[in-house]
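S.K.: Pasting the sequence and the predicted coordinates here, then a few questions.
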Amino acid sequence: MMSTNSVIVQKPPNTLYCSFSIYVTTCILAMFQIILTSFMAILYKKVLEGGSYIVHIVFWIHIYCIFVSTIFFVFCVYKRKIGSAYEIVLHAYLLCVLLNGLTSFFGVMYIPLFFLQTSHSFMEGVDFFVCFAASALLLGLQWAIKQVTEQMLPVMEHDFKV
């Protein structure tokens, strides 16, 4: 039985990735996502550019994800919420994480096949391996970002200024 003077102590959400708070971890992961997604967009244009419509679509999905991630990062850094826009930005960012995860999974599956179809020597394969490794890294990063960002809504509701 709880009295009116009882204090409920909640354990802060645990982050497995670092000892920082949820807020700091989310900002760091958003910054990593912006940098790695930009790198992937450049790699897709430079390494896989063959006039393929698929590569163009994936490139523009990466550009969209960079844009949404930057908006989310700015909201987080300034700790501001404009009405209920913070919920829209958070959920758009989570959808962006899903899109980025899907394009990264596509990259993990597509890049080795593209290499086998187009390359004639293993020295050409270094560029493809870098693109494949970055795609796999981005795929793993999306899982980490999703886990931490889902815990960010209560922090945004209580700690961000209007």
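M.R.: Cool, got the structure. Residues are numbered from 1 along each chain as shown.

S.K.: burial count for residue 115?
M.R.: The tally of other residues near residue 115 (other CB atoms under 10 Å) stands at 19. (Glycine included, C-beta is placed from N, CA and C.)

S.K.: Which secondary structure element of this structure has the lowest mean pLDDT?
M.R.: One helix or strand of the chain scores below all others by mean pLDDT, DSSP states H and E: helix 152-159, with a mean of 69.

S.K.: List the residue ranges of the chain that fall below the pLDDT cut-off.
M.R.: 1-20, 49-51, 80-84, 120, 156-162 (pLDDT under 70).

S.K.: Packing partners of the longest helix seen in it?
M.R.: Longest helix in the chain, counting residues (DSSP state H): helix 85-118. Contacts defined by 3 or more CB pairs under 8 Å, 6 or more residues apart in numbering; DSSP states H and E place helix 85-118 against helix 22-47, helix 53-78, helix 125-149, helix 152-159.

S.K.: Can you check which of those gets nearest to residue 95?
M.R.: helix 53-78 (7.9 Å; CB to CB).

S.K.: on that earlier part again, is it possible to export the helices and strands packed on helix 85-118 to CSV including distance to residue 92 and mean neighbour count?
M.R.: Output for the helices and strands packed on helix 85-118, formatted as CSV (distance: least, CB to CB, whole Å; neighbours: other CB atoms under 10 Å):
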stretch, distance to residue 92, mean neighbour count
helix 22-47, 13, 19
helix 53-78, 5, 17
helix 125-149, 11, 18
helix 152-159, 13, 14
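
S.K.: export those to JSON lines and tack on distance to residue 110?
M.R.: JSON lines is the format used below for the helices and strands packed on helix 85-118 (distance: least, CB to CB, whole Å):
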{"stretch": "helix 22-47", "distance to residue 110": "10"}
{"stretch": "helix 53-78", "distance to residue 110": "7"}
{"stretch": "helix 125-149", "distance to residue 110": "9"}
{"stretch": "helix 152-159", "distance to residue 110": "31"}
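
S.K.: ok, the nearest residue to residue 143 once chain neighbours are set aside - how many residues close by?
M.R.: Nearest residue to residue 143, sequence neighbours excluded (CB to CB, 6 or more residues apart in numbering): residue 101, at 7.3 Å. Using other CB under 10 Å, residue 101 is surrounded by 19 other residues.
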